[in-house]
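Trainee: need a 3D model of the sequence below.
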Amino acid sequence: MSREIADITARRALLSPDNLAMEELVGGQRVTYRGLEDRAARAASLLADAGVRMGDRVAILCRNRIEFFEILFACAKLGAILVPLNWRMPAAELRPLLADCAPCLLLHGVEDAGVARELFQPGLAMVDLDGDYAGRRDAASPHPGRGGWPADDIWYLLYTSGTTGTPKAVIYTYAMAFVNYVNISQPIGLSGRDRTLNFLPLFHTAGINLHTLPTLMAGGQVLVLPGFDADVMIGLLAEGRLDHFFGVPAVYLQLSQHPRFDQVDLSRLRHWGCGGAPLPDVLVRRYAERGARVCNGMGMTETGPTAFLGDPDHALEKIGSVGKPQIMVGVRIVDPLGRDVPPGQAGELLFGGLGVTPGYWRQPAANQAAFTEDGWLRSGDIARCDADGYYYIVGRLKEMFISGGENVYPAEVENVLTQHEAVLEAAVIGVPDPQWGEVGRAFVRLKPGHPAPQAEELARFCRDRLAGFKVPRQFLMVPEFPRTAAGKVQKHKLDRQQVIL
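Mentor: Next up, the predicted model:
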């Protein structure tokens, strides 16, 4: 018997045809599961008529909208590979990605039509999602599809955010989609009665997989926003229209600063999840005061992404933890020689299991570096596990620096700095020092309306809470951090920031 995943939209149209699948909050477009299957099948015919065949890459450049997901499912019906492109990148940055994945078709929205025109080249067909796409789709006959989707086949490629360098395309298989569905639906109790919000960018794994694709697999409702909108989101929370929510720390920070934040009963939403970067302790407590127990989690684009997730009952007791490994993920913590470390000791976190990517698109050298000889994925994260089985991410292996012979993990220092009354966000890097080898340099964003503290004050604040070798030697104030689409600070760009002295 072949290893296949059922055609998701076809099966959901059979199980819950009249249930609402997706609703766009801007414009009001709505589609049931029967309608989503019909649109995906007709979109598959449109793609086939445009020359798309099994294994071909189909690039898409658009903001969050229903059409993205119908095209994702259309590619699955044909066996084509979808490649979401980062609309924040200019054409100059996107051209190398197109050269890498070599798509035969590029679909785009009206917002990105200018960039799409710059990307045009002979042999690349173009389809405007806000032009004649809908008419061509609706005029096409529904494609019969492949019936089942081979578990190990490639469904889509996601180019990594590039916090440290040039993006690589992570391969996503159908098996990874199913494993992620299991890993996220189990801890949050996902069901067909649930409603979630799709607003994170669709060229990022969270935009597709947390929690939109699992919710569609479960038969729930997905409310779609073109992007982050604090006013709309606070309104949805106040109206009780969401059952579970996933955001990155930057989103939680901005929502907490909304004028209506303290007036909204956050306990009406059943599960709050956070990932992409550590959620500062002060924000965990801020949300808990409003009735929301935010559960930190951890995963990678390469893990599907769900690997760890905290539980609400221990979110405050185990503050700072990313929770426990979920049911279909294997984890190890190893020393530099690849040996498993004793409980409580820190080491590099490794991942295994069906939810781990088979590798990067056409990158044999990167694949060799990313996996151990026995097939475990190297995360690049330093982690430890406590006596109760809860895991903590101590820091990034590449970000760790050694000061006076002692390891310093920037995440620990950043978490302390954000506890200062004037500090909104902090980022710490290691810089060369003639005496200690390396010392910390802290970049700090201030809370609106707060006067800038003196460097001596911040150093004293850190010294009261950290060992002396962990205290940064420099404190620089910046207006904003360079970020990836997931809200992660791009530390390799920090020194290029205009510093407020």
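
Trainee: ok, residue 193 - how many residues close by?
Mentor: Counted with other Cβ atoms under 10 Å, residues neighbouring residue 193 total 11. Bear in mind the C-beta positions are built from the backbone N, C-alpha and C, glycine included.

Trainee: what about residue 245, which helix or strand?
Mentor: strand 244-247 (DSSP states H and E).

Trainee: buried set for whichever helix or strand comes after that strand?
Mentor: Heading C-terminal from strand 244-247, the first helix or strand you meet, by DSSP H and E, is helix 249-256. For helix 249-256, burial by neighbour count (16 or more other Cβ atoms under 10 Å) applies to 249, 250, 251, 252, 253, 255.

Trainee: let's test this: mean pLDDT of the helix or strand just after helix 249-256, rounded?
Mentor: Beyond helix 249-256 in the direction of the C-terminus, DSSP H and E gives the next helix or strand as strand 271-274. Across strand 271-274, pLDDT averages out at 97.

Trainee: same check, this time on stretch 357-366
Mentor: Here the average pLDDT along stretch 357-366 is 97.

Trainee: quick one: terminal-to-terminal distance for that stretch?
Mentor: With Cα to Cα, to the nearest Å as the measure, stretch 357-366 spans 13 Å from end to end.

Trainee: okay, the buried residues of helix 249-256 in JSON lines with distance to residue 288 next?
Mentor: JSON lines is the format used below for these (distance: Cβ to Cβ, whole Å):
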{"residue": "249", "distance to residue 288": "15"}
{"residue": "250", "distance to residue 288": "19"}
{"residue": "251", "distance to residue 288": "17"}
{"residue": "252", "distance to residue 288": "12"}
{"residue": "253", "distance to residue 288": "15"}
{"residue": "255", "distance to residue 288": "14"}
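
Trainee: among these, which one sits closest to residue 80?
Mentor: Using Cβ to Cβ, residue 251 comes nearest to residue 80 of those, at 31.8 Å.

Trainee: now the closest one: closest residue in space, sequence neighbours ignored.
Mentor: residue 228 (6.3 Å; Cβ to Cβ, 6 or more residues apart in numbering).

Trainee: now do residue 300
Mentor: Excluding the flanking residues, the one nearest residue 300 by Cβ to Cβ, 6+ apart is residue 379, at 6.2 Å.

Trainee: does that neighbour touch residue 356 like I think?
Mentor: No: taking contacts as Cβ atoms under 8 Å, residue 379 lies outside contact range of residue 356: 10.3 Å.

Trainee: now do the strand holding residue 245, average pLDDT.
Mentor: Strand 244-247 carries an average pLDDT of 97.

Trainee: what helices and strands are in contact with it?
Mentor: Contact partners of strand 244-247 among helices and strands, from 3 or more Cβ pairs under 8 Å, 6 or more residues apart in numbering; DSSP states H and E: strand 195-198, strand 271-274.

Trainee: check the offset of the helix or strand following the last one from the chain's centre.
Mentor: Which is strand 271-274. Counting by DSSP H and E, the element after strand 271-274 in chain order, helix or strand, is helix 281-289. The chain centre lies 21 Å from the centre of helix 281-289; the measure is Cα atoms, centre = their mean, to the nearest Å.
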